[in-house]
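K.L.:
With the input below, show me the fold.
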Amino acid sequence: MNDRPSLPARLFHRWLLRYVPVAALILLGSVLLGYGLGSQVPTEWLQNPGTTGENPFISAELTTLSLTINNLGALLVMALGAISLGSMTVLSLILNGLLIGVVVGIALKQVSPIVVAALIVPHGLIEIPALLIVAAVGLRFGWHTIQYIRGSVDTLVTEQDLQEAGWLLVTAAVLIVIAAYIEANLTLEIASQYTDTDLSGVAADRIAIAPR
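P.N.:
Purely as a prediction, here's the structure:
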């Protein structure tokens, strides 16, 4: 009889249970800080909804492909925490949290909270878990490397570690593609149901994992 835990159980207990909450706390703290900064932006600096112009938070043309490439690249940077003692993962979480918070703080000056939620939540519910999954991989490898340097463990990385990390990264990549499709094709349609305002100039009408 094989008493080895199933793959989902191993992924949860070895990777997600401990490291996702840590990543989530870092992200949440950064979001709150970013929100505080974004909410201080003077209203006269903001682009009016429905007007054209350059917006530092919005790419000129966003498609499922462009968003997928952008977000997968950003997650790759986050995964580099595996070879940087977790530092790249922490830095990426902070930058993403600050971006999200700033954009929300600015957007709330332009449209109602329900519209801001409609612009962010549909794809964010899928995108944020992908971010946290990759962060868990970077943090776990980073922490395990520290333990190896300190002599607390004998093996830096095992075949099981690589296989399980691979499953998590593939899962995150699939989630990113789904989130990109929603963001590129459904976000504005959903948000437009809650307002008659042209949302093309709203900071939160497109928000993806940093950096762009």
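K.L.:
Point out where the chain drops to low pLDDT.
P.N.:
Within the chain, the stretches with pLDDT under 70 are 1-2, 42-61, 200-212.
K.L.:
quick one: the helices in the chain?
P.N.:
Along the chain, counting by DSSP state H, helices occupy 7-11, 17-38, 64-79, 87-107, 113-150, 159-185, 187-192.
K.L.:
how much does the third one deviate in direction from helix 17-38?
P.N.:
Meaning helix 64-79. Interaxial angle of helix 64-79 relative to helix 17-38 (axes from the mean of the first three to the mean of the last three C-alpha atoms, to 10 degrees): 110 degrees.
K.L.:
and helix 64-79, what other elements does it pack with?
P.N.:
Packing partners of helix 64-79 (3 or more C-beta pairs under 8 Å, 6 or more residues apart in numbering; DSSP states H and E): helix 87-107, helix 113-150, helix 159-185. For glycine as for every other residue, the C-beta is placed from the backbone atoms N, C-alpha and C.
K.L.:
just the ones you listed: most buried one?
P.N.:
Neighbour counts (mean count of other C-beta atoms under 10 Å) averaged over each of those peak at helix 87-107, with a mean of 23.
K.L.:
which helices and strands sit right next to it?
P.N.:
helix 17-38, helix 64-79, helix 113-150.
K.L.:
How far does it sit from its chain's centre?
P.N.:
8 Å (C-alpha atoms, centre = their mean, to the nearest Å).
K.L.:
Can I get it in PDB, CA atoms only?
P.N.:
Provided in PDB are the C-alpha atoms of helix 87-107 (Å, rounded to 0.1, in the frame of the first residue of the first chain):
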ATOM      1  CA  SER A  87      14.700  38.700  -2.300                       C
ATOM      2  CA  MET A  88      13.400  39.100  -5.800                       C
ATOM      3  CA  THR A  89      10.100  37.500  -4.700                       C
ATOM      4  CA  VAL A  90       9.700  39.900  -1.800                       C
ATOM      5  CA  LEU A  91      10.600  42.900  -4.000                       C
ATOM      6  CA  SER A  92       8.200  41.900  -6.700                       C
ATOM      7  CA  LEU A  93       5.400  41.400  -4.200                       C
ATOM      8  CA  ILE A  94       6.000  44.900  -2.800                       C
ATOM      9  CA  LEU A  95       6.100  46.500  -6.200                       C
ATOM     10  CA  ASN A  96       2.900  44.800  -7.300                       C
ATOM     11  CA  GLY A  97       1.200  45.700  -4.100                       C
ATOM     12  CA  LEU A  98       2.200  49.300  -4.400                       C
ATOM     13  CA  LEU A  99       0.900  49.400  -8.000                       C
ATOM     14  CA  ILE A 100      -2.400  47.900  -7.100                       C
ATOM     15  CA  GLY A 101      -2.900  50.200  -4.100                       C
ATOM     16  CA  VAL A 102      -1.900  53.400  -6.100                       C
ATOM     17  CA  VAL A 103      -4.200  52.500  -9.000                       C
ATOM     18  CA  VAL A 104      -7.100  51.800  -6.600                       C
ATOM     19  CA  GLY A 105      -6.500  55.100  -4.700                       C
ATOM     20  CA  ILE A 106      -6.500  57.100  -7.900                       C
ATOM     21  CA  ALA A 107      -9.400  55.300  -9.500                       C
END
